[in-house]
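>>> coordinates only, sequence not included:
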């Protein structure tokens, strides 16, 4: 989905906050938030792709104003409701106030029907596809071309896995893009490497 | 029943509520929080990654392994990654190439090796800007790279995880692996600082 989380290349943000050598946790509740979603994953309540997608489904207003660990908590709570561990109403009662959750989930999808393997050196193009559900494709590479540098081991296909659907594991490729091609006349020179799932790619001919 | 006008519960109250839910499921959340706290603060530390780099600086065979099969190198060093991280790629900085890691979609890191992500890595400004204006972002963060240095930005969009191998600083020939390890910061392992 074209959610607020897809931040790569968005403009208007200022300097990076916090400087260097920053701490990981600022409060005990942040440790608890991280621990509890990890526990839910470890216990099989949901997987990491479902967890990421439930964060992506937060309204943009909530996403931008929530801290990192509030987003973790919101995803955890949303999925506990969606998986039937508790109702939203009961969560609010337990918390003693309103309990904002993420927006409802849309349909997921399986592996691409015309998926093909690539080898290092292949010129590839990122399919210009727009999906309603979870996708691990940053919008800034959609429709763009790059070169395959290497292949990673197969992973669960996030567009299916993030929806609890079955799909084949598939390789990701380290694809190198030129920043000047991603944002013509609008980027500083750099090579941008993205780990791209096989289903998202086609040969650039 | 709550309505639209009900004030939002505090973050701690919301967390307590979800902990109660997990407790009812028999997941023993309080115990796991203690376990996690210890892992996060004492085991998932940047010294793990720093140790790998320091050893690679002093042992060409290990360096070759680290650069070509990161998972094997981790295993040989007695470290581990979560099961969903299936690939560990180490990016060697050279005189000509500087690597920097980000995660534009969330804030993924090789957290068992370099520690959980620091604030600035999760900052919306870092996530949005570093892929598009890396040189400026790095300069603002205190790293002013020479104009001839090629910058490579690595966006962690799958469960392959990255770590930067910084260049070994001059004048460190006599140092032990432990002494070298102590020189290497988490920021350098992500690529926003040099050693």
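Yep, it's here. The model shown is predicted, which means the values in this text are computed figures rather than measured ones.
>>> Residue B:101 contacts residue B:191, correct?
Yes - using C-beta atoms under 8 Å, residue B:101 is in contact with residue B:191, at 5.6 Å. From N, CA and C alone the C-beta is placed, and that goes for glycine too.
>>> ok, residue B:184 - contacts?
Counting by C-beta atoms under 8 Å, 6 or more residues apart in numbering or on different chains, residue B:184 touches B:46, B:49-50, B:53-54, B:166, B:195.
>>> ranking those residues by neighbours, who comes first?
Neighbour counts for the contacts of residue B:184 (other C-beta atoms under 10 Å in any protein chain shown) peak at residue B:49, which has 28 neighbours.
>>> Can you say which helix or strand has that one in it?
helix B:46-58 (DSSP states H and E).
>>> Output the contacting helices and strands for that helix.
Helices and strands touching helix B:46-58, as assessed by 3 or more C-beta pairs under 8 Å, 6 or more residues apart in numbering or on different chains; DSSP states H and E, comprise helix B:60-68, helix B:111-114, strand B:160-165, helix B:177-183, helix B:186-190.
>>> So which of those is nearest residue A:68?
Ranking those by distance to residue A:68, with C-beta to C-beta as the measure, places helix B:111-114 first at 13.1 Å.
>>> That closest one - contacts with which helices or strands?
Counting contacts by 3+ C-beta pairs under 8 Å, 6+ apart, helix B:111-114 packs against helix B:46-58, strand B:160-165, helix B:186-190.
>>> For the lowest-mean-pLDDT helix or strand in chain B, give me every contacting residue.
None of the helices or strands of chain B scores lower by mean pLDDT, DSSP states H and E than helix B:119-122, at a mean of 93. For helix B:119-122, the external contacting residues (C-beta under 8 Å, 6+ apart) are A:16-20, A:22-23, A:68, B:102-103, B:107, B:109, B:126, B:141, B:190, B:192.
>>> Which of those residues fall in helices?
Residues of the contacts of helix B:119-122 located in helices (DSSP state H): A:68, B:126, B:190.
>>> Can you lay out those residues as TSV showing pLDDT?
Below are the ones in helices among the contacts of helix B:119-122 laid out as TSV (pLDDT from 0 to 100):
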residue	pLDDT
A:68	96
B:126	97
B:190	97
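>>> want to try CSV for those residues, with distance to residue B:9 and neighbour count as columns?
Shown next, in CSV, are the ones in helices among the contacts of helix B:119-122 (distance: C-beta to C-beta, whole Å; neighbours: other C-beta atoms under 10 Å in any protein chain shown):
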residue, distance to residue B:9, neighbour count
A:68, 19, 18
B:126, 30, 28
B:190, 35, 28
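>>> Residues in contact with both of residue B:101 and residue B:191, list them for me.
By C-beta under 8 Å, 6+ apart, the residues touching both residue B:101 and residue B:191 are B:91, B:164.
>>> From start to finish, how long is stretch A:144-161 in a straight line?
By C-alpha to C-alpha, to the nearest Å, the extent of stretch A:144-161 from end to end equals 25 Å.
>>> List the buried residues of stretch A:185-200.
Neighbour counts over stretch A:185-200 (16 or more other C-beta atoms under 10 Å in any protein chain shown) mark A:187, A:190-200 as buried.
>>> can you narrow the residues you listed to ones near chain B?
A:187, A:190-197 (C-beta under 8 Å from any C-beta of the partner chain).
>>> Surely residue B:57 is in contact with residue B:66?
No - applying C-beta under 8 Å as the test, residue B:57 and residue B:66 come out as separate, 10.2 Å apart.
>>> List the contacts of residue 165.
Picking chain A for this. So residue A:165 contacts A:108-110 (C-beta under 8 Å, 6+ apart).
>>> nope, chain B please
Contacts of residue B:165 (C-beta under 8 Å, 6+ apart): B:53, B:56, B:66-67, B:90-93.
>>> are any of those residues buried, and which?
B:53, B:56, B:66, B:90-91, B:93.
>>> And residue 136, its phi and psi?
Answering for chain A, as no chain was given. Per-residue torsions, residue A:136: phi -100, psi 40 (degrees, to the nearest 10).
>>> Now it: closest residue in space, sequence neighbours ignored.
residue A:158 (4.4 Å; C-beta to C-beta, 6 or more residues apart in numbering or on different chains).
>>> Where do the helices of chain A begin and end?
Going by DSSP H, chain A shows helices at A:28-42, A:48-56, A:60-65, A:68-82, A:88-95, A:158-161, A:179-182.
>>> could you give the mean pLDDT of the last one?
When you say that, I think you mean helix A:179-182. In this model, helix A:179-182 has a mean pLDDT of 98.
>>> next one: the first one
When the per-residue pLDDT values of helix A:28-42 are averaged, the result is 97.
>>> Buried ones in it, by neighbour count?
A:29-41.
>>> tell me, how many neighbours does the closest residue in space to residue B:109 that isn't next to it in sequence end up with?
Counting by C-beta to C-beta, 6+ apart, residue B:117 is the residue found nearest to residue B:109 once chain neighbours are left out, at 4.8 Å. Around residue B:117 there are 21 other residues, counting by other C-beta under 10 Å.
>>> What is the three-state secondary structure of residue B:117?
Following DSSP: H, G, I helix; E, B strand; the rest coil, the label given to residue B:117 is coil.
>>> What does the pLDDT read for it?
Turning to residue B:117, the model gives it a pLDDT of 93.
>>> can you pull the contacts of it?
Residue B:117 neighbours (C-beta under 8 Å, 6+ apart): A:24, B:103, B:107-109, B:111.
>>> closest one to residue B:82 among the helices and strands packed on helix B:46-58?
Closest among the helices and strands packed on helix B:46-58, using C-beta to C-beta: helix B:111-114, at 6.6 Å.
>>> Need the residues that contact the closest one.
B:43-44, B:46, B:48-49, B:52, B:74, B:79-82, B:85, B:88, B:117, B:161, B:163, B:186, B:189-190.
>>> Kindly recompute the last result at 10 Å.
Residues outside helix B:111-114 that contact it (C-beta atoms under 10 Å, 6 or more residues apart in numbering or on different chains): A:24, A:34, B:39-40, B:43-52, B:70, B:74, B:77, B:79-82, B:85, B:88, B:90, B:101, B:117, B:161-164, B:184-190.
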